[in-house]
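Novice: Here's my sequence, what's the structure:
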Amino acid sequence: MSIGLYVLLVLVIFGVVALLLTPDLFRPSPEAQRIFDVVTSTRTDLRTIGEKERMQDKIVGIATRLRMRLGLAEDPHLKERMAAAGMHSSSSSEIYFASQFLIPLLGVVLGSLMRSNVLLCVLVFGAFGYLAPDIWLKRKTASRRNRIRRSLPDSLDLLVICVDAGLGMDQALLRVGDELAFSHPDIAEEFAQVNREQRAGRPRLEAWQNLADRTEIEEFTAFVSMLTQTDRFGTPIIRALSRFSEDIRLKRRQHAEEMAAKTKIKIIFPLVICIFPCLFIVLLAPAVMQIMAGMTAMGK
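Specialist: Numbers count the residues shown, from 1 in each chain. Below you'll find the model as predicted:
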């Protein structure tokens, strides 16, 4: 075995041992322990906690203590990304931090087990393990945005119906969120977040602006601009909502037509690569075989 492989094995063993000894090595100071004792509840927890939740709590606890000992502050931008992906739990950022620490370590272990190009495999697996949580978070955020964008016309139609029936904007928002809780849970969750911010004392336009910033969907940005203009100029809200709903429906139809027009170009490659060769074989193979048989007979 080469010296590089021995060095990698020593580093992997050191990382695993350090990870196992993290709770003991990074024990909180006496002052911090007294604070923990004060804020810790002594009431009996009657909830039923499974093994999955217990393991998750242990990992989150280790990640939290490790981050505090290393002096790494919580990234506010990461919390915004988590909220955009639909993860509002307080432990989401800690789980993300733990995954960025454990998955590269696992990649290094797997790369060290390769029989050839060990150093390259360790670097590639470690880098991929570090980037994998970020890639997963981006894909989850994009998927959630697409679901919200598809459900927006239906929610606006229901909002127009509720406001036209006599409900206020806030009551209509609650009713639409209740109606869409099963069919479109993502946008219902965002509407519930807007309602919670308004109940906490935040102005309506500011709560809607936070929704537009959190989802980063251009339709919500246009909706906030429409509400701002309606509030400023005193335009009837039902008229503005109806017009905006029609525009969203038109834009959705135009997007569908655009996607249908693109399929004519996209289908060329499967036709040329997969279908045309099969057609040529089926149509020309018998003729080619007959010609070859005739040429063979003439040669004899």
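
Novice: only C-alpha atoms for contact and neighbour calcs from this point on.
Specialist: Fine.

Novice: so Thr221 touches Leu205, yeah?
Specialist: No: the criterion here is C-alpha atoms under 8 Å, and Thr221 misses it with Leu205 at 11.2 Å.

Novice: Format the CA atom coordinates belonging to stretch 253-271 as CSV.
Specialist: Taking Å, rounded to 0.1, in the frame of the first residue of the first chain, the C-alpha atoms of stretch 253-271 are listed here in CSV:
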residue,chain,number,x,y,z
ARG,A,253,-52.4,29.6,-21.4
GLN,A,254,-49.6,31.3,-23.3
HIS,A,255,-47.0,29.4,-21.3
ALA,A,256,-48.8,26.1,-22.2
GLU,A,257,-48.9,27.1,-25.9
GLU,A,258,-45.2,27.9,-25.8
MET,A,259,-44.4,24.6,-24.3
ALA,A,260,-46.5,22.8,-26.9
ALA,A,261,-44.7,24.7,-29.7
LYS,A,262,-41.3,23.7,-28.3
THR,A,263,-42.2,20.0,-28.5
LYS,A,264,-42.1,20.2,-32.3
ILE,A,265,-38.4,21.0,-32.1
LYS,A,266,-37.6,18.6,-29.2
ILE,A,267,-39.2,15.7,-30.9
ILE,A,268,-36.8,15.9,-33.9
PHE,A,269,-33.9,14.3,-31.9
PRO,A,270,-35.9,11.2,-30.9
LEU,A,271,-37.2,10.8,-34.4
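
Novice: number of nearby residues for the nearest residue to Arg145 once chain neighbours are set aside?
Specialist: The shortest distance from Arg145 to any non-neighbouring residue, by C-alpha to C-alpha, 6 or more residues apart in numbering, is to Thr215 (6.7 Å). Using other C-alpha atoms under 10 Å, Thr215 has 24 other residues around it.

Novice: Repeat that for the one 3 residues further on.
Specialist: By other C-alpha under 10 Å, the residues close to Glu218 number 12.

Novice: ok so, going back, measure the residue nearest to Arg145 to Ser245 for me?
Specialist: For Thr215, the distance to Ser245 (C-alpha to C-alpha, to the nearest Å) stands at 19 Å.

Novice: Show me the shaky parts of the protein.
Specialist: 1-8, 10, 12, 14-76, 90-91, 300 (pLDDT under 70).

Novice: Helices along this protein, start to end?
Specialist: With DSSP state H applied, the chain shows helices at 3-20, 22-25, 30-39, 51-70, 76-84, 92-112, 118-164, 169-179, 185-199, 204-215, 218-233, 237-266, 268-270, 276-299, listed in chain order.

Novice: circling back: can you give me the distance of the residue nearest to Arg145 to Glu257?
Specialist: For Thr215, the distance to Glu257 - C-alpha to C-alpha - is 25 Å.

Novice: Which residues are in contact with each of Thr221 and Leu205?
Specialist: The overlap between the contact sets of Thr221 and Leu205 (C-alpha atoms under 8 Å, 6 or more residues apart in numbering) is empty.

Novice: how's the chain carved up into domains?
Specialist: As recorded under automatic domain parsing, the domains making up the chain are 3-38+51-143, 144-264.

Novice: Tell me which residues touch Gly107, please.
Specialist: By C-alpha under 8 Å, 6+ apart, the residues touching Gly107 are Val122, Phe125, Gly126, Phe128, Gly129.

Novice: The second one - nearest residue in space that isn't next to it in sequence?
Specialist: If I follow you right, that is Phe125. Gly107 (4.6 Å).

Novice: and what of the last one?
Specialist: Distances taken as C-alpha to C-alpha, 6+ apart place Pro104 nearest to Gly129, at 4.2 Å, with adjacent residues excluded.

Novice: Tell me the spacing between the residue nearest the centre of the chain and Asn195.
Specialist: With distances taken as C-alpha atoms, centre = their mean, Lys140 lies nearest the centre of the chain, 1.8 Å away. Taking C-alpha to C-alpha as the measure, Lys140 and Asn195 are separated by 24 Å.
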